[in-house]
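S.K.: The following block contains a protein sequence and its predicted model.
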Amino acid sequence: MLSLRLARGARPLALLRRSLVATAAAGTGFLLLCALGYAAGHPEQADDAVVRLLWCVVPLAATAQLAVSVARADPSVPFGPVFAAAGGGPARSALLAAASAALSCALGCVPALLVFLHLRGDLGGSW
């Protein structure tokens, strides 16, 4: 509920940054799913599968760095006497920002998973 209230009260630039993190997470998640699908489908070619998985490290690190940067620049983390009186401080604010970035990444990975499953034909119906 708090994340919804923060998203509703956020500035458009903050929402754009969160959307950028979700898009980057979707791309990275799809790339990782493709590499894992290749590794699972071709167990006899383990060397090629390891190389494909190693290629996923750079986009994964870039997405993590982007998520951390967006979480640090998030202006919607509540500061003030009410937040401090409720037991929140700098550590709680950092946890709240990290949780918001993790939620953006998770919401970006859901469409990537659905597209991956659709392309493999593992979803029951057709679109």
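M.R.: Looks like it arrived, so ask away. Note that the structure is a prediction, hence the values are computed from the model and not measured.
S.K.: chain center to stretch 105-124, what's the gap?
M.R.: Stretch 105-124 has its C-alpha centroid displaced from the chain centroid by 14 Å (Cα atoms, centre = their mean, to the nearest Å).
S.K.: residue with max distance from the center of this protein?
M.R.: Distance from the C-alpha centroid of the chain peaks at Glu44, with 31.6 Å (Cα atoms, centre = their mean).
S.K.: Secondary structure element holding the residue most central in space within the chain?
M.R.: By Cα atoms, centre = their mean, the chain has its centre lying nearest to Cys105, at 1.3 Å. In the assignment (DSSP states H and E), Cys105 maps to helix 90-120.
S.K.: and what of Leu66?
M.R.: Taking DSSP H and E as the definition, Leu66 sits inside helix 57-72.
S.K.: Report the rounded mean pLDDT for that helix.
M.R.: Per-residue pLDDT values over helix 57-72 give a mean of 92.
S.K.: packing partners for it?
M.R.: In terms of contacts (3 or more Cβ pairs under 8 Å, 6 or more residues apart in numbering; DSSP states H and E), helix 57-72 is packed against helix 12-41, helix 90-120. In this view, the C-beta of every residue, glycine as well, is placed from N, C-alpha and C.
S.K.: show me the residues around the residue farthest from the centre of the chain that make contact.
M.R.: For Glu44, the contact set (Cβ atoms under 8 Å, 6 or more residues apart in numbering) is empty.
S.K.: Just the pLDDT for it.
M.R.: 92.
S.K.: shouldn't Cys109 be in contact with Gly29?
M.R.: Yes. With contacts counted by Cβ atoms under 8 Å, Cys109 reaches Gly29, the gap being 3.9 Å.
S.K.: The two - which one has more neighbours?
M.R.: Gly29 (24 against 20; other Cβ atoms under 10 Å).
S.K.: Report the separation between that one and Cys105.
M.R.: Distance from Gly29 to Cys105, counting by Cβ to Cβ, to the nearest Å: 8 Å.
S.K.: where does the chain dip in pLDDT?
M.R.: Applying pLDDT under 70 to the chain flags residues 1-10, 75-91, 125-127.
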